[in-house]
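**Q** need coordinates for the following:
(2 chains)
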Amino acid sequence: MRNLIRYIFITLLVFSFLNSNSQEWVVADDIASIQNPSPYTLQNVNKGKELYLKNCKSCHGDAGKNNALPLVPIPPDVTSAQMHANSEGALFHKITAGRGTMPQFETSISEDDRWRIVNYIMNFNPANEPLLVDAPKINAKLLGSVNEAEKKVEVLAEFQDKDGIYKKLANTPVFINSKKTFGKIKIGQATTDENGRAVYQIPETVVGDAEGKIDIIISMEDNYTVNELLLENAKVCAPNVAENLFDEAVLWGTNDRLQPWLLVSYLAIAVGAWLAIFYVVFQIVKIKRLGKE
Amino acid sequence: MKGNKNSRRDFMKKVGVTLGAVGVSASSSVLSSCNQVEQASGDKIKLLTSSGELVEVDKAQLKPADMPSLSENQKRGRKGLTGKSWVMVIDLSKCRNARECMKACQNHHQLRPEQHHINVLQMQDAEHTAPYYMPKPCMHCDNPPCTKVCPVNATFKREDGIVLIDNERCIGCRFCIAACPYSARVFNWFEPRDAEKYKGVTYNIEANVPQKKGTISKCLFSADRLRDGKLPSCVSACPNSVYWFGDRNEDAVTNGTTNETVCFSELIKDNAGYTLMEELGTKPRVYYLPAKDRAFPFEGEISGHKA
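**A** Sure thing, here's the model as predicted:
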């Protein structure tokens, strides 16, 4: 009996060891040694951050805050040593293939974007010089006007230098957006010239309201603090006639929207039916009278 | 109706008197504290914000909510928001059955746990096809079969495309349930949830609250929230960016999770969007994007399905 318990105990012990071994997620060397084709630049790291916030944050939590979901095993923080024990190739493989509670992203995130997420994770690697994702933002100012005749938006961008003086902001993209009910939609972008000026031609595909007006919002990249410029009621599109559900004759309109032909045909049928009934009754009465005579 | 109007007048009178009294007392307190720069009554009220934070607000900053009377509410509820044409796009490839939409909806519309304005279904189209999750709200058809059969004009379609129900008119005949091919409507067989709590609250036609026993209820695209410029409850509650919602006239839809706004027609075109049972000619306003490239495996149970 005692032997049996001992055997069971030993087997359990062995199994638990096996289990703990299987929890180690080892990536084959040839895969782990793949170099990241995506260059380690601010742009890629920023894009990676955006993707991380969208796809990974719900489980892995905010960087450095250790607020991951309490899953088994706990998803490691992007700043943790456990995360950075992986090579870039290994991280890419794990994001791609997934295992257990970690889903695969092979089908939902493109290969380039998966490498950019690796770029973002590597930003927290102690061996790397952290790129200034959270660099102090530059104060900027936007001025703009709409040329309704030529359907152009003219923008003047300035930034505040160290001395607090506003200077022309050259070679910087500005984004032209259209304001919608629940947010803004990007129409396009223009790059400023050496005088800080940019001109954007509004394409004909932009949808406006019934008078062809849109509210234009001009915005800049994330590393600028800027009050987004709102140019209201810019008449730059062709008039867009809103669909009117009650224009054509419809059956589902009740009472106040009743279609006349429906009313007429209904009344005709109803009156006709009663007339037929009365006709039959009168005929019967007539036959009875004739019979009496 | 008459009694109702009188009681409302009385209520307004009371509100006016109270506000007037508050105004007098507030102005006197302002006068008595002329040397103070900031005027505050000192009374703080604890409030829970929509994001779940507890904040303390000065009593003087509170304004009574702007609630229209029942008849006014019914009138504007029947008209809808002029110039809008609401559409919803449901991305089936993103849905992983979190059911946050259902919870948010049931809380908003005071529904019992077994009642659904929106329900996440487990679907499998054919024997050898892949199963998927499908949230199914009311389709808000442009050719609605339900409004045609209503004998009392209780359910109707508004200018902005939303199909609504007036529970004050509804007689509970359930013809519309029989007519709807999408099973979008529910009937209040029992006392609604929290019936005691909301006793005497003015009925809001744009949210179907408080629910009424013996009448129909269904998805309303959260018409009351749209009036306030907010996205519908289910759209805002989704954690997996399944829902897009917007105005078809503007040709733009906004994602409730990421707040990203994209072109509606392009979204539908690029992802091969479709509507449910379009062969019936109902012209639904809810579009689906096919369940392809899913990041999450199907974990539900469908009889006969081998995973």
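
**Q** element containing A:K162, please.
**A** For A:K162, there is no host helix or strand (DSSP states H and E).

**Q** any idea how far it lies from chain B?
**A** 34 Å (Cβ to the nearest Cβ, to the nearest Å). Where C-beta positions appear, they are placed from N, C-alpha and C, glycine not excepted.

**Q** kindly report the same for A:L230.
**A** Distance from A:L230 to chain B, by Cβ to the nearest Cβ: 15 Å.

**Q** how about that residue, secondary structure?
**A** For A:L230, the secondary-structure state derived from DSSP: H, G, I helix; E, B strand; the rest coil is strand.

**Q** and for A:I214?
**A** Per three-state DSSP, A:I214 ends up strand.

**Q** centroid-nearest residue for chain B?
**A** Closest residue to the average C-alpha location of chain B: B:S222 at 1.9 Å, with Cα atoms, centre = their mean.

**Q** okay but that one is in contact with B:N204, surely?
**A** No. Using Cβ atoms under 8 Å, B:S222 is not in contact with B:N204; the gap is 11.3 Å.

**Q** which stretches of the stretch 51-200 of chain A form strands?
**A** Under the criterion DSSP state E, counting those that start in this stretch, the stretch 51-200 of chain A carries strands at the ranges A:138-147, A:152-160, A:166-168, A:173-180, A:183-191, A:197-201.

**Q** ok, now the stretch 201-307 of chain B?
**A** B:216-218, B:243-247, B:252-255, B:261-263, B:286-289.

**Q** columns mean pLDDT and distance to B:V235 on top of the ones you listed, output as CSV?
**A** Formatted as CSV, the strands of the stretch 201-307 of chain B follow (pLDDT from 0 to 100; distance: least, Cβ to Cβ, whole Å):
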stretch, mean pLDDT, distance to B:V235
strand B:216-218, 96, 17
strand B:243-247, 96, 4
strand B:252-255, 95, 8
strand B:261-263, 93, 13
strand B:286-289, 97, 12
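
**Q** can you list those in a markdown table and add distance to chain A and mean neighbour count?
**A** Output for the strands of the stretch 201-307 of chain B, formatted as a markdown table (distance: least, Cβ to the nearest Cβ, whole Å; neighbours: other Cβ atoms under 10 Å in any protein chain shown):
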| stretch | distance to chain A | mean neighbour count |
| --- | --- | --- |
| strand B:216-218 | 15 | 25 |
| strand B:243-247 | 5 | 27 |
| strand B:252-255 | 4 | 26 |
| strand B:261-263 | 4 | 21 |
| strand B:286-289 | 13 | 22 |
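
**Q** where in chain A is pLDDT low?
**A** A:1-23, A:131-135, A:247-257 (pLDDT under 70).

**Q** same thing but at 80, please
**A** A:1-24, A:41-43, A:127-137, A:222-223, A:242-259 (pLDDT under 80).

**Q** remind me, longest helix of it?
**A** helix A:260-292 (DSSP state H).

**Q** would you agree B:Y288 is in contact with B:M88?
**A** No. B:Y288 is not in contact with B:M88 according to Cβ under 8 Å; the separation is 9.6 Å.

**Q** which neighbours do those two share?
**A** By Cβ atoms under 8 Å, 6 or more residues apart in numbering or on different chains, B:Y288 and B:M88 have no common neighbours.

**Q** check contacts around residue 90.
**A** Defaulting to chain A. A:27, A:31-32.

**Q** right idea, wrong chain: chain B
**A** B:134-135, B:242-244, B:286-289.

**Q** how is chain A divided into domains?
**A** Domain segmentation of chain A under automatic domain parsing yields A:18-122, A:139-235, A:255-292.

**Q** starting at the chain centroid, how far to the shortest one?
**A** Centre-to-centre, domain A:255-292 and its host chain are 62 Å apart (Cα atoms, centre = their mean, to the nearest Å).

**Q** and the first one, by the same measure?
**A** A distance of 21 Å separates the C-alpha centroid of domain A:18-122 from that of its chain, computed with Cα atoms, centre = their mean.

**Q** ok, which pair from the contacts of B:I90 is furthest apart?
**A** B:M134 and B:W244 (15.4 Å; Cβ to Cβ).

**Q** now do the contacts for residue 194.
**A** Just going to use chain A. Neighbours of A:E194 in contact, by Cβ under 8 Å, 6+ apart: A:168, A:170-171.

**Q** my question was about chain B
**A** B:110, B:210.

**Q** mind checking the SS state of it?
**A** B:D194 ends up coil, using three-state DSSP.

**Q** measure it to chain A for me?
**A** On the measure of Cβ to the nearest Cβ, B:D194 and chain A end up 29 Å apart.

**Q** please enumerate the helices of chain B.
**A** Under DSSP H, chain B gives helices at B:2-32, B:70-79, B:100-108, B:145-149, B:175-179, B:223-227, B:233-237, B:264-270.

**Q** other SSEs contacting the fifth one?
**A** Pointing back at helix B:175-179 there. helix B:145-149, strand B:185-187 (3 or more Cβ pairs under 8 Å, 6 or more residues apart in numbering or on different chains; DSSP states H and E).

**Q** so the last one, near chain A or not?
**A** No. If you take Cβ under 8 Å from any Cβ of the partner chain as the test, strand B:185-187 misses chain A, and the best it gets is 15.2 Å.

**Q** ok, and what's touching that strand?
**A** By Cβ under 8 Å, 6+ apart, strand B:185-187 touches B:111, B:115-117, B:138, B:146, B:172, B:174, B:176-177, B:215-218.

**Q** let's go with 7 Å and repeat that
**A** With Cβ atoms under 7 Å, 6 or more residues apart in numbering or on different chains as the test, strand B:185-187 has contacts from B:115-116, B:146, B:174, B:176-177, B:216-218.

**Q** next one: stretch A:144-154
**A** A:155-156, A:176, A:197, A:199-202, A:216, A:218, A:229, A:231, A:234-236.

**Q** please redo it, this time with the cut-off set to 10 Å
**A** A:143, A:155-157, A:174, A:176, A:187-188, A:190, A:197-204, A:206, A:212-214, A:216, A:218, A:229-237 (Cβ atoms under 10 Å, 6 or more residues apart in numbering or on different chains).
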